[in-house]
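Q: return atomic coordinates for the entry below.
(chains A and B)
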Amino acid sequence: MIDDAGPAAHQGAGRPPTYTSWLRERSDAELDALLAARPDLLTPVPADIAALAARAASRPSVVRVLDQLHLFELQVLEGVVALGDERSGRSPHGVAPSALATAMAAPTDRFAAALDRLRATALVWEEEGRLRPVTALRDILPRPAGLGPPLRVLLSGRPLSQLDRLAADLGLPTGYGEGDPADRLSAALCSPDRVDALLDDAGPDARSVLDRLVWGPPDGTVSQARPDADIASAASPVERLLARGLLYVTGEHTVTLPREIALRLRGGRLFREAAPHPPELDGPQRSPLTVTRAAAGQAFTVIRYVEELVEHWAEDPPSVLRSGGLGVRDLRRSARLLDTDDTTAAVVIEAAHTAGLIAATSEVDGEWLPTGHYDVWRVTEPARRWALLASAWLGSTRVASLAGSTDARGRSRNVLGEGLDRRPAPEVRRDVLGVLAEAPEGTAPTRDSIAARLAWRRPRRQGRGFDELLDSTLAEAALLGLTGRDALAPHTRALLDETADGQTVAEAADSATVRALAAELPEPVDHILIQGDLTAIAPGPLVPSLARELALAADVESTGGATVYRFGESSIRRALDAGHGAADLIGLLERHSKTPLPQALRYLIADVARRHGRLRVGTASSYLRCDEPALLDELLGDRRADDLVLVRLAPTVVASRTTRPVLLDRLTELGYHPVPEAADGTMQLSRPDARRAEEHAPDGGLDSPPVPGPRLRAAAVRALRAGDEAATAARTPVAAPPNGPSRPSTAATLTALNRAAAQGQRVWIGYLDPEGRASSHIVEPQRVDGGFLTAYDATRDAVRRFTVHRITGVASLERDGA
Amino acid sequence: MTAGPLIVQSDKTLLLEVDHELADECRRAIAPFAELERAPEHVHTYRVTPLALWNARAAGHDAEQVVDAFIAYSRYPVPHSLLVDVADTMDRYGRLRLVTHPAHGLVLEAVDRAVLEEVVRSKRIAPMLGDRIGSDSVVVHPSERGNLKQALLKLGWPAEDLAGYIDGEAHPIELAKGDWELRGYQREAAESFHSGGSGVVVLPCGAGKTVVGAAAMALTKATTLILVTNTVSVHQWRAELLRRTSLTEDEIGEYSGARKDIRPVTIATYQVMAARRKGVHTHLELFEARDWGLIIYDEVHLLPAPIFRMTADLQARRRLGLTATLVREDGREGDVFSLIGPKRYDAPWKEMENQGWIAPADCVEVRVALGDDERLAYATAEPEDKYRFCASAPAKIEVVRELVQRHAEEQILVIGSYIDQLDEIAAALDAPVIKGETKVAERERLFGDFRSGRLRTLVVSKVANFSIDLPEAGVAIQVSGSFGSRQEEAQRLGRVLRPKSDGRGARFYAVVTRDTLDQDYAAHRQRFLAEQGYAYRIVDSGDVLAGNEI
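A: A predicted model of the protein is given here:
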């Protein structure tokens, strides 16, 4: 897979031409850029440059970074693969940049930029000024630029008799007498004059066969073709081409056009049309103000939705389905509560869950409850609340708008349940929003133009799943207030910038996102307007204390930017039940109303208050009746009966909180000889307090490799250099194992850790947890014993223990060690 | 953030702060697509309904305009989803069109084939349609034009009706020149109706709806059928038309229980039209009696169900609905709009009052209490008798007598629902009663005496709820009503809203029994007026009887 074996391979050479040595020559900044572009190279951190090279050249890692390239970069890369293929047998290997540029026929600046990116991602490396692709690309891109394999590949492995016949027809020497016949033939067929002559010779109908293959795909299907046809016996146009070495049989019914011939036919150009520029984004024009306000309005609505929903769930939690999600009926109910459709409700619920505001209780018959995190969220300023929801959504693999659809087995996917995870979702979301961010201000790109731009930007990430994610991203972004009128809102632009490095907005005390949004959101107000039709209008979000009081005394009639309350008998009664007096209710309203209190409202409050509390209701489990008040006096005076909690309701009636059997037993014990009466007491149950689920870390769905921050990357580069130095200076006895991904020996690890512990240094370590997940930590070792490292983990802000044999690497954080 | 006067709510109501300097401008901007729902003192509530949006589309407004109005006047950012919803809703209008095909007659034509496919598959709609003509249109039975439009509206695919109107039999009608002039809003209402072809005009009581009818007739210049609530009203329309238009006695026919004349302009009562003999509507032929060019529905909020059904068949004729209070306790406001036509003109009561077209009114709720014995009797009364019992509480009589004395100099109407109660009150006040059994001639004599001032106090049952024009009545005392009917309350207030010759204001008393159903119903009845900005004051009967200032 890799171009060289390891450090040992280049011991002797003065300037060994390998991928590894090319990497080694990169500056620290370039390595840092490489690690930033390909974070997977860091998990775990490779021991030295050789290991890094091995990983960077491995197929999975290459595929991963290929997915990040845009169409033009991919085209340039295909160009490098097509022209720099060492199998063509030409030397020196690789392709000169100038030759490639000519073949690409694209603007120089775009070409140079694309090439820089390919070099920066180490997909292309250089040897004496010539570009060479990483070997794995040959398999990943088997038909680069729609070109078939080089002639030499097609020729080698063919029976000598065939080669000889071809050589004879071309007027070349046969046999092994003058070197490898395949080499000879391929060199001859690369000559433009000879190819042109052969083409003329084959005739126009043969030419039209080639025309169909020339721009790819290079393979054609034929009903029958004899591989051993020669010029004399060739019957069909295809056979005429085969006989002249312009076409090759590569399968029972397949013929392939060799790379060199196709290039010749293409006039040396690699692509009919290179795509150096992304397709234009077009769509209707929107005024920036409309966009901002529409998005901010939606953002405000979403915050309100979450709050309304979660508050409701706290009182009346929906249960967790056995399969783990939220039932369809509960989803509908939530949608009704929010006065919206199911999809919006689903998106809101998933966003709240992703942000860690709701969680399932761990019991068997679990319920969905708000978390303690929600209590913190609720008192945060509104703009930050939105930023938390939006950034959680951005990084989540959950795709809420898929809820309700059915999976391959026909089962419906439930909100908060299985089947809604899409691993590429976070990346696609960022891409889609990134494309929106590229649109000129005020343009709301159409879905088709976004799709076209994305197809250019992520040519390898297309297909049905991708389209599904594009649509869900656009829909959800609109619902969550990231876009307004289909254009990107300024606060989202800020959010994208701030979260680009894997940071969360919660950490930033002064966040541009929060500032941008806060400027658009309504300011809380502390007054209301009360009108003659017994409505009160809060012309903006109310300060929380007033909102609580009003919610008691009036029913909410409509919500939005403002809140409309209606006073009614039942709502006034509710306020009185909660302990308000008529006078303080009127006082409260007078204090906060900007308009004089209508007389009708005063009457309403007075009327309800007058009737309130004339009947009083209490709880008793049992009662005692006695015609002689004196006996009850005696009993109430009896101190032995204190535990029965007796309350005198009337001279001849006493109520007790204890149950009838207990009362009977106890009174019998005390010698009163009571007789049970046929009667039943009613119990009134009071509602339990709003409940909370146990602490729950925000849940973003599937785990994906953490994005390394700049600090971690810098440490990793130093670790690599250190490891490399150790490995290349390895004529010492402690040589790295000759093969495979190397790791510093446990002894070296122990030494490094002990030294750090002794000197109080901070070091970087790579670590594999028991599940095999790789992670990196910056730690201050305290002690090393019994196979464990005890250290303060700066990444987690806690002291923890690491198993020494799981530590994959140690590097000092300070330059030059100590 | 702009401090606009408008707040957009998520349930698509719009709150307009009336004291804001941009309020008028904003009102004009949102009027085409939002219905005024409530107009109390400080903040008016408009509602954006699909119907209102489609009416706006029909009137040539587009979604961008709506969105622009939201953005321009809204105090807070408007949620994106709401804007999308508005655009989507408006987009549904006009996908289907009703047109007159030269060969096939009335045809439903689709701009969007998928919609037509959906519609023809609907169980409710399929029977109204005939053969398919090509892939994009389908024949409609002409008699189903109204039903089809109604059904399409329910499906959410409102059809644009381009089939036009029958001109009907032409008949020259001019507005009379004389001592009066058409008021600006009356002209506007009539013109707005005429340009739209059919629709509803909502004006407060006393604002001259009859005149709007006359103006509409003068614009249409065709034979006209006028449907009104009762015989007295027939006579009032007749008198008013004679005064306001060039029509002569001979040109106006009366079609009621007593007389059945059909003339170029014919006035009929709903009662006669809806009357059935052996299960058959016998007077339906009136609709076909002439080639009517215009049909006017007075007090359209009272339109009875059979007339609704008949109206569905009359979609090709121009239709004008007139009302003060388009609230129906049966919730069929939507049917009025879909069958008669969209609202063409609407004026808030308080605005008319400010401009002096209707008298300012002071609404007072007088609360009386039941005695202890009566309370017990009330508590044990059968549920169906409860309201009658508390509404006709004897304590009310004393209060009414006192109130009448206080306004001895004015023309007073005492209005109630229960005949026994009215008889008792009449006896106590020594005043005549007009009730259902009172002959028309007697009614008109009493109304005439009242108008001329010979009679100061008149006790009336609900026969006088509507359309009775009593210009000088300045005080109304309501002692009982039809349960919680909001429009009844408004209509009754309307009896005293004609501007008075000396410019004095009107007084409206509602006498209500405290802590009973009467009070609950009163609260509901008052809602419409409260929402129009009429704030009721509440006083205690004790204060009234003690002679305190109220």
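Q: now the helices for the stretch 701-818 of chain A?
A: A:710-728, A:746-759 (DSSP state H, counting those that start in this stretch).
Q: I'd like the average pLDDT over the shortest one.
A: Computed over helix A:746-759, the mean pLDDT rounds to 79.
Q: check which residues of that helix are buried.
A: Neighbour counts using 16 or more other C-beta atoms under 10 Å in any protein chain shown place A:Ala748, A:Thr749, A:Leu750, A:Ala752, A:Leu753, A:Arg755, A:Ala756, A:Ala757 of helix A:746-759 among the buried residues. Using the backbone N, CA and C atoms, a C-beta is placed for each residue, glycine as well.
Q: ok, now the first one?
A: Counting neighbours by 16+ other C-beta under 10 Å, one finds that the buried residues in helix A:710-728 are A:712-724, A:726-728.
Q: stretch B:430-450 now?
A: By 16+ other C-beta under 10 Å, the buried positions in stretch B:430-450 come out as B:Ala431, B:Pro432, B:Val433, B:Ile434, B:Lys435, B:Thr438, B:Arg443, B:Glu444, B:Leu446, B:Phe447, B:Phe450.
Q: go on, stretch A:117-137?
A: A:117-125, A:127, A:130-137.
Q: okay, it in CSV with CA atoms only?
A: C-alpha atoms of stretch A:117-137 as CSV (Å, rounded to 0.1, in the frame of the first residue of the first chain):
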residue,chain,number,x,y,z
ARG,A,117,-4.9,21.8,-1.6
LEU,A,118,-4.0,18.4,-2.9
ARG,A,119,-0.4,18.8,-1.7
ALA,A,120,-1.7,20.2,1.7
THR,A,121,-3.8,17.1,2.1
ALA,A,122,-0.9,14.9,1.1
LEU,A,123,-2.9,13.2,-1.6
VAL,A,124,-0.3,14.3,-4.1
TRP,A,125,3.4,14.5,-3.3
GLU,A,126,6.4,15.6,-5.3
GLU,A,127,9.5,14.0,-6.5
GLU,A,128,12.0,16.2,-8.1
GLY,A,129,9.4,18.7,-9.1
ARG,A,130,7.1,16.0,-10.5
LEU,A,131,3.7,15.3,-9.1
ARG,A,132,2.9,11.8,-7.9
PRO,A,133,-0.4,10.5,-6.5
VAL,A,134,-0.7,8.4,-3.4
THR,A,135,-0.7,4.8,-4.5
ALA,A,136,-4.1,4.0,-3.0
LEU,A,137,-5.7,6.4,-5.4
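Q: need the residues that contact that stretch.
A: The list of residues contacting stretch A:117-137 from outside it, by C-beta atoms under 8 Å, 6 or more residues apart in numbering or on different chains, reads A:1-3, A:17, A:19, A:22-23, A:30, A:33-34, A:37-38, A:56-59, A:62, A:65-66, A:68-69, A:73, A:76-77, A:80-81, A:84-86, A:92-97, A:100, A:115.
Q: swap in stretch B:365-375?
A: So stretch B:365-375 is contacted by B:378, B:390, B:393-396, B:399, B:403, B:509-516, B:519, B:522, B:526, B:536-541, B:544 (C-beta under 8 Å, 6+ apart).
Q: same for chain A: which of those are within range?
A: The residues of these that also fall near chain A, by C-beta under 8 Å from any C-beta of the partner chain, are B:Arg514, B:Asp515, B:Tyr536, B:Arg537, B:Ile538.
Q: got the contact list for the second one?
A: With contacts taken as C-beta under 8 Å, 6+ apart, B:Asp515 has the following neighbours: A:Asp607, A:Arg611, B:Ala369, B:Leu370.
Q: just checking, B:Arg243 is part of a strand?
A: No. Remark: B:Arg243 does not belong to a strand; assigned using DSSP: H, G, I helix; E, B strand; the rest coil, it is helix.
Q: where's the residue lying closest to it once chain neighbours are set aside relative to B:Ala214, distance?
A: Distance criterion C-beta to C-beta, 6 or more residues apart in numbering or on different chains; nearest residue to B:Arg243, sequence neighbours excluded, is B:Ala176 at 6.8 Å. According to C-beta to C-beta, to the nearest Å, B:Ala176 and B:Ala214 sit 9 Å apart.
Q: returning to that earlier point: okay, and which of the contacts of stretch B:365-375 map to strands?
A: Under the assignment DSSP state E, these contribute B:Tyr509, B:Ala510, B:Val511, B:Val512, B:Thr513, B:Arg537, B:Ile538, B:Val539, B:Asp540 to strands.
Q: which two of those residues have the greatest separation?
A: Pairwise distances across the ones in strands among the contacts of stretch B:365-375 (C-beta to C-beta) peak at 17.5 Å, for the pair B:Thr513 and B:Arg537.
Q: same drill for the two, tell me which one is more crowded.
A: B:Thr513 (25 against 15; other C-beta atoms under 10 Å in any protein chain shown).
Q: for the more buried one, list each beta-bridge partner.
A: B:Val368 (DSSP bridges).
Q: quick one, what contacts it?
A: Applying C-beta under 8 Å, 6+ apart, we find B:Thr513 in contact with B:Arg367, B:Val368, B:Ala369, B:Leu370, B:Cys390, B:Ala391, B:Ala393, B:Ala395, B:Lys396, B:Gln519.
Q: try it again at 10 Å.
A: B:367-370, B:374, B:378, B:387, B:389-393, B:395-396, B:480, B:519, B:522, B:541 (C-beta atoms under 10 Å, 6 or more residues apart in numbering or on different chains).
Q: just list what the longest strand belonging to chain A packs against, helices and strands only.
A: What stands out as the longest strand in chain A, according to DSSP E, is strand A:774-785. Contacts defined by 3 or more C-beta pairs under 10 Å, 6 or more residues apart in numbering or on different chains; DSSP states H and E place strand A:774-785 against helix A:710-728, helix A:746-759, strand A:763-768, strand A:788-793, strand A:798-803, strand A:807-812.
Q: how is chain A carved up into domains?
A: The domain map for chain A lists A:7-145, A:151-265, A:288-518, A:529-611, A:622-670, A:710-812, with the assignment taken from automatic domain parsing.
Q: rank these by pLDDT, which is bottom?
A: The bottom spot among the domains of chain A, by mean pLDDT, belongs to domain A:710-812, with a mean of 73.
Q: picking up where we left off before, so for B:Leu247, which of the domains of chain A sits nearest?
A: Nearest of these to B:Leu247, taken as C-beta to C-beta: domain A:529-611 at 42.2 Å.
Q: check which helix or strand A:Ala229 maps to.
A: Taking DSSP states H and E as the definition, A:Ala229 sits outside all helices and strands.
Q: re earlier: okay, the helices and strands packed on strand A:774-785 in CSV with distance to B:Leu493 next?
A: Formatted as CSV, those follow (distance: least, C-beta to C-beta, whole Å):
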stretch, distance to B:Leu493
helix A:710-728, 75
helix A:746-759, 90
strand A:763-768, 82
strand A:788-793, 78
strand A:798-803, 74
strand A:807-812, 87
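Q: count of residues packed around B:Gly503?
A: Counted with other C-beta under 10 Å, B:Gly503 comes out at 9.
Q: residue contacts, it?
A: Taking C-beta under 10 Å, 6+ apart as the test, what B:Gly503 contacts is B:Gly356, B:Ala359, B:Pro360.
Q: surely it is in a strand?
A: No. B:Gly503: not assigned to a strand; according to three-state DSSP it is coil.
Q: now it: how far from chain A?
A: 24 Å (C-beta to the nearest C-beta, to the nearest Å).
Q: what do you get for B:Gly184?
A: In terms of C-beta to the nearest C-beta, B:Gly184 sits 28 Å off from chain A.
Q: so what's the residue count around residue 189?
A: Answering for chain A, as no chain was given. 24.
Q: hmm, no, I was thinking of chain B.
A: Around B:Ala189 there are 30 residues (other C-beta under 10 Å).
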